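J.: Sequence first, then the predicted structure, then my questions.
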Amino acid sequence: MSTQDFLPENVRKLPPGELFQFRCHPGVDCFTDCCRQLELALTPYDVLRLKQALKLTSSEFLERHAVIEQEQEDVFPMVYLGMVDDGRASCPFVTSEGCIIYKDRPGACRVYPLGRAAFQNPDGKVGDFHVLITEPHCHGFQEKKEQGLGDWIQDQGLEPYNEFNDLVLSVIQHDKVKQGAQFTEDQIKKYMISLYDIDAFANLIKQPEFKGLDSFPEVSREDIIGDDKALLRFGISWIRHELFGE
């Protein structure tokens with residue numbers, strides 16, 4: 001049985017090297033329709049970029065713009081973008097002219113009409129594949145522009161999003177998680193602060209009583225405080241140590 005057998009009818013695996021025809025711009029009559037009636041999960045790097053764009057702390061962003069849920073079957077909480085209650089569940093950052101935070105839009109918005117499935121192999125290396133999503137409401141497929149996967153990734157600025165998402169995989173797809181590990185409320189709080197609320201994490205690191213750096217002699221407070229990317233990288237390493245003893 002192939003991967004395609006598990007995909008919905010309007011989603012197909014994109015073979016390496018295949019070109020696809022798509023372009024989105026204000027002249028397309030469905031412009032911004034894909035920014036409504038959607039459930040948008042946010043990654044830690046999405047939150048980092050969005051809070052910077054909005055000039056908010058991560059705590060302020062989570063309070064104003066995020067919905068955090070953890071169903072009984074979820075190992076870790078899920079963070080979603082809070083939509084506007086306008087009858088269309090619109091993104092709070094979409095206008096008739098387009099996205100007001102376009103330069104820092106989430107990875108899921110960038111990759112569309114593709115989707116990326118990433119997974120951690122037994123050797124710890126990340127594998128992935130991409131799918132093409134053809135939805136009836138989207139008329140971008142009628143535009144006369146062809147590109148390949150590599151062109152699309154570069155054009156949409158997806159490289160840092162994929163990089164950080166792959167690092168997070170080392171936590172959420174860790175072998176102990178796959179084997180059914182359960183975590184305490186305190187461990188879940190540490191997971192959320194180190195990955196999603198990094199300004200609060202920075203404040204925690206500044207405290208003299210924080211001993212989390214002791215296990216990482218190659219990292220100093222000066223290396224990471226004030227550098228959101230470095231802080232998130234450290235947060236991923238730190239939570240692996242806290243949850244899995246690594």
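T.: All right, it came through fine.

J.: Report the contact partners of the closest residue to residue 95 other than its chain neighbours.
T.: Nearest residue to residue 95, sequence neighbours excluded (C-beta to C-beta, 6 or more residues apart in numbering): residue 32, at 7.9 Å. For every residue, glycine as well, the C-beta is placed using N, CA and C. Applying C-beta atoms under 8 Å, 6 or more residues apart in numbering to residue 32 gives the contacts 94, 95, 96, 98, 99.

J.: can we see that at 10 Å?
T.: Applying C-beta atoms under 10 Å, 6 or more residues apart in numbering to residue 32 gives the contacts 24, 26, 90, 91, 94, 95, 96, 97, 98, 99.

J.: The first one touches residue 140, doesn't it?
T.: The one in question is residue 24. Yes: between residue 24 and residue 140 there is a contact at 4.5 Å, judged by C-beta atoms under 10 Å.

J.: what's the overlap in contacts for those two?
T.: With contacts defined as C-beta under 10 Å, 6+ apart, the residues shared by residue 24 and residue 140 are 30, 31, 34, 112, 113.

J.: and which of those is nearest to residue 46?
T.: Of all those, residue 112 has the smallest distance to residue 46: 13.8 Å, by C-beta to C-beta.

J.: Buried residues in stretch 56-68, which are they?
T.: Neighbour counts over stretch 56-68 (16 or more other C-beta atoms under 10 Å) mark 56, 57, 58, 59, 61, 62, 65, 66 as buried.

J.: Nearest to residue 219 among these?
T.: residue 58 (19.8 Å).

J.: Hmm, the closest one is touching residue 201, no?
T.: Yes: if you go by C-beta under 10 Å, residue 58 and residue 201 touch, sitting 8.1 Å apart.

J.: sorry, back to before: for the contacts of residue 32, which one is nearest residue 82?
T.: Using C-beta to C-beta, these come closest to residue 82 at residue 91, 9.5 Å.

J.: what about the closest residue to that closest one other than its chain neighbours, how many neighbours?
T.: Distances taken as C-beta to C-beta, 6+ apart place residue 35 nearest to residue 91, at 4.4 Å, with adjacent residues excluded. Around residue 35 there are 21 other residues, counting by other C-beta atoms under 10 Å.

J.: Kindly report the same for residue 125.
T.: 9.

J.: before we move on, what about residue 89?
T.: Counted with other C-beta under 10 Å, residue 89 comes out at 15.

J.: With adjacent residues omitted, what lies nearest to it?
T.: Excluding the flanking residues, the one nearest residue 89 by C-beta to C-beta, 6+ apart is residue 83, at 4.3 Å.

J.: Is the one you found in contact with residue 90, as I believe?
T.: Yes: taking C-beta under 10 Å as the definition, residue 83 is a contact partner of residue 90 at 6.2 Å.

J.: which of these two has more neighbours?
T.: residue 83 (20 against 17).

J.: Contact partners for the more buried one?
T.: Contacts of residue 83 by C-beta under 10 Å, 6+ apart are 35-40, 65, 67, 89-92, 94.

J.: Against residue 114, how distant is it?
T.: 22 Å (C-beta to C-beta, to the nearest Å).

J.: by contact count, what packs against the top helix by length along the chain?
T.: Identified as the longest helix of the chain according to DSSP state H is helix 228-244. When contacts are defined as 3 or more C-beta pairs under 10 Å, 6 or more residues apart in numbering; DSSP states H and E, helix 228-244 packs onto helix 44-53, helix 159-172, helix 175-178, helix 185-195, helix 198-206, helix 221-224.

J.: Would you tell me which one of those is buried the most?
T.: The highest mean neighbour count among the helices and strands packed on helix 228-244, using mean count of other C-beta atoms under 10 Å, belongs to helix 44-53: a mean of 21.

J.: Who are the contact partners of the residue nearest the centre of the chain?
T.: In the chain, the residue lying closest to the centroid (C-alpha atoms, centre = their mean) is residue 43, at 2.6 Å. Taking C-beta under 10 Å, 6+ apart, we find residue 43 in contact with 49, 79, 106, 107, 108, 161, 164, 165, 168, 195, 196.
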